[in-house]
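**Student:** sequence first, then the predicted structure, then my questions.
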Amino acid sequence: MCLAIPAKVIKIDELNAQVELGGLIRQASIMLVPDINIGDYVLLHAGFAIQKIDEQEATETLSLLSQLTIDDNQ
C-alpha cells in the first residue's frame, strides 16, 4: 500500500525543500510541484512532493492518521 502524508514546506532551495512532518524535518524533491511556497502544504511520498494541498485538508488528514495510530496501539 502506498501512502502520501501531508507536510509543511519550511524552506525551498531550487528543486528541493525542507518539510516538517510531525516535528521532524525531512528533505523533499519539489520538481513535480514547482509552484509551491514556504508555508504551503504538500503531499509527500517517497521523498517527493506530489501535490499541493490546502491547510485544512492537511490538518484533517493528519488528524485521521493520528487516530489510526492510536487505534492500532490499543
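**Tutor:** Right, received. Where do you want to start?

**Student:** report the beta-bridge partners for I5.
**Tutor:** Under the criterion DSSP bridges, I5 forms beta bridges with L44.

**Student:** tally of neighbours for it?
**Tutor:** Neighbours of I5 under the rule other CB atoms under 10 Å: 16. In short, each C-beta sits where N, CA and C put it, glycine included.

**Student:** return the set of buried residues in stretch 50-67.
**Tutor:** Residues 52-53, 58, 61-62 are the ones in stretch 50-67 that count as buried (16 or more other CB atoms under 10 Å).

**Student:** out of these, the closest to Y41 would be?
**Tutor:** The closest of the buried residues of stretch 50-67 to Y41 turns out to be A58 (CB to CB; 3.9 Å).

**Student:** list the contacts for the closest one?
**Tutor:** Shown in contact with A58 (CB atoms under 8 Å, 6 or more residues apart in numbering): 6, 8, 41.

**Student:** re the thing from before, which among the buried residues of stretch 50-67 gets closest to M31?
**Tutor:** Closest to M31 out of the buried residues of stretch 50-67 is K52 (13.3 Å), distances taken as CB to CB.

**Student:** verify the stated contact: the closest one with N37.
**Tutor:** No - under the criterion of CB atoms under 8 Å, K52 makes no contact with N37, lying 9.3 Å away.

**Student:** pLDDT below threshold where in this structure?
**Tutor:** By pLDDT under 70, the low-scoring segments of the chain are 1, 69-74.

**Student:** just the buried residues of stretch 50-67: which are in strands?
**Tutor:** Using DSSP state E, 52-53 are the members of the buried residues of stretch 50-67 that sit in strands.

**Student:** need the buried residues of stretch 50-67 in JSON lines (columns: distance to G22).
**Tutor:** Listed next are these as JSON lines, based on distance: CB to CB, whole Å:
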{"residue": "K52", "distance to G22": "19"}
{"residue": "I53", "distance to G22": "16"}
{"residue": "A58", "distance to G22": "12"}
{"residue": "T61", "distance to G22": "12"}
{"residue": "L62", "distance to G22": "8"}
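
**Student:** lovely, talk soon.
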